[in-house]
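J.: Model the following, please.
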Amino acid sequence: FVRLERAFQLHQLVVRPNAVRSGPFEGLIYSTAEYSPWERKRLIGSYESCLHDTIRSFAKPEGPAYDRIIVIGCAEGYYAIGLARCFPKVPVLAVDVDEAVLSLTESMAKANGVEKDVTLSNRDAIYDLLELDPSERTLIICDCEGCEFAIFDGRGIPNLVNSDLIVEMHYSVQLITTSG
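T.: Residues are numbered from 1 along each chain as shown. Prediction:
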């Protein structure tokens, strides 16, 4: 059985070299041939594997029913498009300040047939949090390389009462010296 499974995996690499092999986003199609080491981890299904069970539990029929999904720091679209596939008909807002990666997200959405469910934004994500309806159920994934402290600074927190959040924290120490 193991040999048969391995043969199938090798066949899939040839037939669909741009598709995620395992994990909660298995079958997600990458629309670009430019892969960094992060994309390779995503394609084989090992990227941030500690979150796989959590994402699968959210996506189960008995899991929470979301009114919207927001992915802050969407990069090329792995989480935004993966979640759009897991939650059909739930609007996904993909936020990133880098317009070049938003175009990759748009391409990935088209390659996966979810472009109608995904909205792209390059504005500061705090405004999206401030505009949330607190009565709606929202899933928020945030990986914004250090901006999370500015985004979740307290102003939008009252609107998150019915939200589930996964926030990757980036700690840094800044030494400030003053003379005088």
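
J.: And the strands in the protein?
T.: With strands called from DSSP state E, the chain shows them at 68-72, 92-95, 118-121, 138-142, 163-167.

J.: Adding mean pLDDT, mean neighbour count and distance to Ala19, write these out as TSV.
T.: Quick note: C-beta positions are derived from backbone N, CA and C, even for glycine. Converted to TSV, these look like this (pLDDT from 0 to 100; neighbours: other CB atoms under 10 Å; distance: least, CB to CB, whole Å):
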stretch	mean pLDDT	mean neighbour count	distance to Ala19
strand 68-72	97	25	20
strand 92-95	97	26	20
strand 118-121	97	19	18
strand 138-142	95	24	21
strand 163-167	93	17	24
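
J.: mind putting the ones you listed in JSON lines, distance to Thr105 included?
T.: Below are those laid out as JSON lines (distance: least, CB to CB, whole Å):
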{"stretch": "strand 68-72", "distance to Thr105": "9"}
{"stretch": "strand 92-95", "distance to Thr105": "5"}
{"stretch": "strand 118-121", "distance to Thr105": "6"}
{"stretch": "strand 138-142", "distance to Thr105": "13"}
{"stretch": "strand 163-167", "distance to Thr105": "18"}
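
J.: which stretch among these comes nearest Ser57?
T.: Nearest of the strands of the chain to Ser57, taken as CB to CB: strand 163-167 at 10.3 Å.

J.: so that closest one versus strand 68-72, what angle?
T.: 20 degrees (axes from the mean of the first three to the mean of the last three CA atoms, to 10 degrees).

J.: Just list what strand 163-167 packs against, helices and strands only.
T.: Packed against strand 163-167, as judged by 3 or more CB pairs under 8 Å, 6 or more residues apart in numbering; DSSP states H and E, are the following elements: strand 138-142.

J.: Only alpha carbons, please: show the strand it packs on as PDB.
T.: The C-alpha coordinates for strand 138-142 follow below in PDB (Å, rounded to 0.1, in the frame of the first residue of the first chain):
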ATOM      1  CA  THR A 138     -15.400  36.500  11.700                       C
ATOM      2  CA  LEU A 139     -12.300  34.400  11.300                       C
ATOM      3  CA  ILE A 140      -9.100  36.500  11.200                       C
ATOM      4  CA  ILE A 141      -5.700  35.200  10.200                       C
ATOM      5  CA  CYS A 142      -2.900  37.700  10.700                       C
END
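
J.: Break down this protein into its helices, ranges please.
T.: Using DSSP state H, the helices assigned to the chain run over residues 2-15, 37-44, 52-59, 78-86, 99-111, 125-130, 148-151.

J.: Output these as JSON lines; include the columns mean pLDDT.
T.: JSON lines is the format used below for the helices of the chain (pLDDT from 0 to 100):
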{"stretch": "helix 2-15", "mean pLDDT": "59"}
{"stretch": "helix 37-44", "mean pLDDT": "72"}
{"stretch": "helix 52-59", "mean pLDDT": "90"}
{"stretch": "helix 78-86", "mean pLDDT": "95"}
{"stretch": "helix 99-111", "mean pLDDT": "92"}
{"stretch": "helix 125-130", "mean pLDDT": "92"}
{"stretch": "helix 148-151", "mean pLDDT": "84"}
